[in-house]
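[1] Have a look at this prediction, sequence included:
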Amino acid sequence: MASHGSVGVDAVRDVVATHAPDRRVESVRLLGEGLDHVVFEVDGDLVVRFARQPDAARLHREVAARIEQQGRFWFATTEMKGRTWFRICPVNFRTRPEHIDDLFATLTEECARSLEGGVRSVRTPRRSGDSPGSPPTRTDRTRND
């Protein structure tokens with residue numbers, strides 16, 4: 001099985017050996033991965049999750065600073081219920097749905113750059129006006145003032 005970022009089968013086996021030394025690992029299967037985690041199934045009855053970035057607050061601050069330096073978006077980070085979040089406030093009357101789509105794509109791309117093995121390309125979700133058969137669109141990267 002291939003490595004997923006810096007996490008792979010060997011890391012799963014090490015964790016199981018550390019926390020359940022009497023358990024023998026027969027199979028390890030990737031269940032899924034996101035920007036902040038990778039999840040494996042061990043022998044069909046144990047789930048092992050690895051965080052890609054242990055310091056979410058630092059990740060949010062770094063990504064927000066990089067995007068702000070680009071000069072296209074401004075937003076903040078905040079902590080709520082012990083977790084860090086991006087905080088946007090799209091109240092300008094000139095803000096259009098494509099601006100929000102572009103911000104989402106930019107956030108996703110910048111987070112991926114900060115996380116080893118993260119998603120490298122993003123397609124923005126369909127908007128309500130798109131026809132059901134049309135592919136998701138990616139908005140123009142120009143600044144609209």
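    Ah, there it is.

[2] Where do the helices of the protein begin and end?
    9-19, 56-70, 97-114 (DSSP state H).

[3] closest to G34 out of those?
    Closest to G34 of the helices of the chain is helix 97-114 (Cβ to Cβ; 10.0 Å). Bear in mind the C-beta positions are built from the backbone N, C-alpha and C, glycine included.

[4] I'd like to know which of the helices of the chain lies nearest to V28.
    Of all the helices of the chain, it is helix 9-19 that lies closest to V28, at 4.8 Å by Cβ to Cβ.

[5] Identify the residues contacting that closest one?
    Taking contacts as Cβ atoms under 8 Å, 6 or more residues apart in numbering, the residues outside helix 9-19 that touch it are 1, 23, 25, 28, 40, 42, 46, 48, 50.

[6] For ChimeraX, write the select line for the buried members of the residues you listed.
    Here the buried members of the contacts of helix 9-19 are turned into a ChimeraX selection, burial being counted by 16 or more other Cβ atoms under 10 Å:
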select :25,28,40,42,46,48,50
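
[7] most neighbours per residue, which of the helices of the chain?
    For the helices of the chain, ranked by mean neighbour count under the definition mean count of other Cβ atoms under 10 Å, the leader is helix 97-114 at a mean of 18.

[8] Just give me the neighbour total for G82.
    A total of 5 residues lie near G82 under the criterion other Cβ atoms under 10 Å.

[9] which residues touch it?
    If a contact means Cβ under 8 Å, 6+ apart, then G82 has no contacts.

[10] And the pLDDT at it?
    Turning to G82, the model gives it a pLDDT of 84.
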